[in-house]
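Colleague: Show me the folded form of this:
(one chain, ligands or ions: 2)
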Amino acid sequence: MTNGQALALQYLEQQRALGGNSVILPDPEPRLTPGESPGKSEPPKSDLPPPGLSFDPPSGDLFAADPVQQTRSLAEIATLVAACTKCKLCESRTNTVPGEGPATARLVVVGEGPGRTEDETGRPFVGRAGELLTKILAAIDFPREQVFICNVVKCRPPENRLPQYDEIAACVPYLFRQIELLKPAVILAMGGTAAQTMLNTKQSLGALRNQVHRFRGIPVIVTYHPAALLRNPNWKRPTWDDVRIARLILDS
Ligand code: URA
Ligand code: SF4
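Modeller: Ligands and ions are numbered 1, 2, ... in the order given. Below is the predicted model of the structure:
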């Protein structure tokens, strides 16, 4: 297969995974031409974008009095979250949405905050944006069940407004402790709120894309929020480029 063919195939697979019109894919068996070596032609490592920001918030030590720092499991964090009244979002929530996924997850997805369906069910990304997230993950061969999926704030902001600074500041210790326990290989920050919180910056999403940032040394890839993709399908293609970078790092 020529490079062009491989790219075209990849693009079609992407469109299919992201819910585009169905296409008929050619036989994926590699047909070797003389001089070509067998095996998949993976893009070279140099495809990785340049390093970006690095955020290293101090992690609480074992003897810190803060109960969040004393948690020893994701379930313990969820228990604390369920009883949390540290910000005003507790007043209007139906359920807390701490996040879900296996403790062994190598990929962590961070969104903004629960929406209506999430508030009703206590589960992250289960509405329309969640369905799209599931497809995006499938596009990089990640069954959703293998990914830890969570949000910056664990309670729904009224009318899905942006979480406010004080709410993020109150809630973020839960997220940071989750990541500390999970120790994932890659963090995918979806949308401006997640990206700016994970990297402690006010830079725009557009400025933060296409770099490999770090949170306590863990690579952070920034991309569009699935809800934004529902409004603007033109961002699906750049989103694919971003999650492919996450996949490259996971495979390396
Ligand atoms: N949007 C988010 O940011 N998180 C969810 O859990 C659902 C929608
Ligand atoms: Fe507590 Fe976070 Fe919910 Fe605020 S959003 S009440 S800090 S769990």
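
Colleague: can you tell me if stretch 69-88 touches ligand 1.
Modeller: No. Applying Cβ under 6 Å from any ligand atom, one finds stretch 69-88 out of contact with ligand 1, separated by at least 13.6 Å. C-beta: built from backbone N, CA, C; applies to glycine.

Colleague: Need the contact partners of that stretch.
Modeller: 59-62, 64, 67-68, 90, 96, 98-99, 103, 148, 153-155, 166-167, 170-171, 173-174, 177-178, 181-182 (Cβ atoms under 8 Å, 6 or more residues apart in numbering).

Colleague: so of those residues, which ones are in helices?
Modeller: Among the contacts of stretch 69-88, the residues falling in helices (DSSP state H) are 67, 68, 166, 167, 170, 171, 173, 174, 177, 178, 181, 182.

Colleague: Give the helix, strand or coil label for residue 187.
Modeller: strand (DSSP: H, G, I helix; E, B strand; the rest coil).

Colleague: Run a quick neighbour tally on it.
Modeller: For residue 187, the neighbour count with other Cβ atoms under 10 Å is 24.

Colleague: Which positions are bridged to the residue in the stretch 1-150 of the chain that ligand 1 sits nearest to in the beta structure?
Modeller: Proximity of the stretch 1-150 of the chain to ligand 1 (Cβ to the nearest ligand atom) peaks at residue 111, 2.9 Å away. Beta-bridge partners for residue 111, by DSSP bridges, are residue 151.

Colleague: Up against ligand 2, what does this protein have?
Modeller: 81, 84-87, 89-90, 96, 153-155, 167, 170-171.

Colleague: want to try a markdown table for these, with neighbour count as columns?
Modeller: Shown next, in a markdown table, are these (neighbours: other Cβ atoms under 10 Å):
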| residue | neighbour count |
| --- | --- |
| 81 | 20 |
| 84 | 19 |
| 85 | 10 |
| 86 | 18 |
| 87 | 18 |
| 89 | 23 |
| 90 | 16 |
| 96 | 24 |
| 153 | 27 |
| 154 | 33 |
| 155 | 29 |
| 167 | 21 |
| 170 | 20 |
| 171 | 23 |
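
Colleague: show me what contacts the residue of the stretch 151-252 of the chain found nearest ligand 1?
Modeller: Relative to ligand 1, the nearest point of the stretch 151-252 of the chain is residue 151 (4.7 Å; Cβ to the nearest ligand atom). Residue 151 makes contact with 97, 99, 110, 111, 112, 113, 114, 124, 175, 194 under the criterion Cβ under 8 Å, 6+ apart.

Colleague: Roughly how far does the residue nearest to the third one when sequence neighbours are not counted sit from residue 79?
Modeller: The reference is to residue 110. In space, residue 110 comes closest to residue 194 once its chain neighbours are excluded; the distance is 4.3 Å by Cβ to Cβ, 6 or more residues apart in numbering. Residue 194 sits 24 Å away from residue 79, taking Cβ to Cβ, to the nearest Å as the criterion.

Colleague: Near residue 217, how many residues? Count them for me, please.
Modeller: Counted with other Cβ under 10 Å, residue 217 comes out at 8.

Colleague: cool, the one 4 residues further on as well?
Modeller: The tally of other residues near residue 221 (other Cβ under 10 Å) stands at 27.

Colleague: Among residue 194 and residue 79, which residue is more densely surrounded?
Modeller: residue 194 (26 against 15).

Colleague: I figured that one was touching residue 112, is that so?
Modeller: Yes. Applying Cβ atoms under 8 Å, one finds residue 194 in contact with residue 112, separated by 6.0 Å.

Colleague: shared neighbours of these two, anything?
Modeller: Listed as contacting both residue 194 and residue 112 by Cβ under 8 Å, 6+ apart are 151, 152, 225.

Colleague: Among the residues you listed, which one lies nearest to residue 237?
Modeller: Within the shared contacts of residue 194 and residue 112, the smallest distance to residue 237 is 15.5 Å, found for residue 225 (Cβ to Cβ).
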